[in-house]
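**Q** 3D, please:
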Amino acid sequence: MSPTLELETLVLKRGAHDEQSQEMCIMEAVAFVAGEPWSDSPQCASPVIAAFLRSYNDSVSDDVRQTLKQYIPRLIGTRGSELLEEKRSLIAADWLVRTHTPAWLRLAGLTVQAEALESLPEITSMAQIPSIKGPIEVARQDAAAAWAAARAAAWDAARAAARAAARDAARDAAWDAAWDAARDAAWDAAWAAARAAARDAAWAAARAAARDAAWDAARAAAWAAAWAAAGDAAGAAARAAAWAAAWDAARDAARAVAWARLQPTVKELQHSALDLLDRLIAVGKRDVPLAVKVIGL
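**A** So this is what the prediction gives:
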């Protein structure tokens with residue numbers, strides 16, 4: 001009896017799973033439909049496409065991951081010759097270099113670097129790899145420098161805000177609480193927001209977005225912390241409460257602003273990634289007769 005999979009009720013999950021869990025990622029679903037042993041590297045599918053989809057499956061949100069269900073039957077029979085898989089790998093590399101990375105560079109304000117990568121010739125041969133290493137390395141170094149500068153700016157902004165608020169409102173007993181809270185909150189918030197949402201070249205953009213949020217959040221947090229700790233009765237409990245409130249406020253504000261800033265680029269690249277997937281499947285796809293049944297298409 002052929003394997004049956006109901007796409008309407010199937011919910012693709014992040015990561016690898018065992019067969020007993022009854023949960024699947026995109027490639028485990030392909031193996032199941034093809035009637036192969038449980039695996040996220042089914043023999044019927046292109047190894048290049050499978051590698052791309054394992055990464056994509058685990059990097060997107062739960063809702064976006066479900067858009068991959070339509071590809072399950074299309075992936076069966078895509079495995080090809082070494083020459084075919086090399087061609088697919090070059091198509092994927094070209095997308096990474098000339099589409100994916102420039103999108104993050106442009107978001108980070110590195111327009112010149114983005115245009116330099118976009119203007120490279122299409123990657124169609126392994127012989128081209130040495131010639132494109134230089135521009136890619138320049139872009140990487142510039143992105144790293146921009147990230148470091150944005151991080152320093154966010155730190156300075158939060159420190160200045162905390163000092164100004166504490167100077168205006170705090171007694172001596174409130175200064176330590178206000179400064180520690182604002183400093184740690186701004187740093188951790190900017191770090192967490194960028195780390196959670198950005199790719200390598202997006203660090204600078206997330207930091208720039210977090211910087212403005214951290215300034216406002218740190219000023220408000222420092223002011224609140226100063227007043228909370230100013231009274232004679234304010235002791236360790238008040239300090240701890242002020243620290244926690246400041247940390248939460250700055251973290252949430254920075255994360256929200258950075259995430260909103262990243263979303264248009266994220267959505268653009270998600271659409272582009274599916275276009276890439278269509279291209280990879282179309283390259284030399286072989287029709288292999290398999291006894292499978294997929295419900296919901």
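**Q** Residue 57 versus residue 15, what's the distance?
**A** 8 Å (C-beta to C-beta, to the nearest Å). For glycine as for every other residue, the C-beta is placed from the backbone atoms N, C-alpha and C.
**Q** shared neighbours of these two, anything?
**A** Residues touching both residue 15 and residue 57 by C-beta atoms under 8 Å, 6 or more residues apart in numbering: residue 25.
**Q** ok, these two, which is more surrounded?
**A** Neighbour count, other C-beta atoms under 10 Å: between residue 15 and residue 57, residue 57 has more, with 23 against 11.
**Q** For residue 42, see how far away the more buried one is.
**A** Distance from residue 57 to residue 42, by C-beta to C-beta: 14 Å.
**Q** Need the overlap of contacts for the two.
**A** Taking C-beta under 8 Å, 6+ apart as the contact rule, residue 57 and residue 42 both touch residue 27.
**Q** For residue 59, see how far away residue 18 is.
**A** For residue 18, the distance to residue 59 - C-beta to C-beta - is 22 Å.
**Q** These two: which has the busier surroundings?
**A** The residue with more neighbours, out of residue 18 and residue 59, is residue 59; 13 against 9, by other C-beta under 10 Å.
**Q** Distance-wise, check the more buried one relative to residue 136.
**A** Taking C-beta to C-beta, one finds residue 59 at 21 Å from residue 136.
**Q** Please apply the same query to residue 49.
**A** 23 Å.
**Q** next one: residue 22
**A** 42 Å.
**Q** And these two? Which one has more around it.
**A** Neighbour comparison, residue 22 and residue 136: the larger count goes to residue 136, with 17 against 7 (by other C-beta under 10 Å).
**Q** Show the pLDDT at that one.
**A** At residue 136, the pLDDT value in this model is 81.
**Q** Kindly report the same for the one 10 residues further on.
**A** At residue 146 the predicted local confidence, pLDDT, stands at 75.
**Q** now do the one 5 residues further on
**A** What the model reports for residue 151 is a pLDDT of 69.
**Q** what do you get for residue 82?
**A** Here, the pLDDT recorded for residue 82 equals 93.
**Q** before we move on, what about residue 20?
**A** 84.
**Q** Report the contact partners of residue 139.
**A** Applying C-beta under 8 Å, 6+ apart, the residues contacting residue 139 are 101, 105, 110, 113-114, 116-117, 201.
**Q** Can you flag the buried ones in those?
**A** 101, 105, 110, 113-114, 116-117, 201 (16 or more other C-beta atoms under 10 Å).
**Q** Please pull out the lowest mean pLDDT helix or strand from the chain.
**A** helix 172-197 (a mean of 42; mean pLDDT, DSSP states H and E).
**Q** if we can go back for a sec, from the buried ones among the contacts of residue 139, which ones fall inside strands?
**A** Among these, DSSP state E puts none in strands.
**Q** nearest to residue 263, of those residues?
**A** Nearest to residue 263 among the buried ones among the contacts of residue 139 is residue 201, at 16.3 Å by C-beta to C-beta.
**Q** Dump stretch 29-43 to CSV, restricted to CA.
**A** Extracted C-alpha coordinates of stretch 29-43, given in CSV (Å, rounded to 0.1, in the frame of the first residue of the first chain):
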residue,chain,number,x,y,z
ALA,A,29,8.0,14.4,4.5
VAL,A,30,9.6,13.8,1.0
ALA,A,31,11.2,10.6,2.2
PHE,A,32,7.9,9.4,3.7
VAL,A,33,5.9,10.1,0.5
ALA,A,34,8.6,8.4,-1.6
GLY,A,35,8.3,5.3,0.6
GLU,A,36,12.0,5.6,1.7
PRO,A,37,13.4,4.9,5.1
TRP,A,38,12.9,7.8,7.5
SER,A,39,15.5,10.4,6.8
ASP,A,40,16.0,14.1,6.0
SER,A,41,18.3,13.2,3.1
PRO,A,42,16.1,11.0,0.9
GLN,A,43,17.8,9.3,-2.0
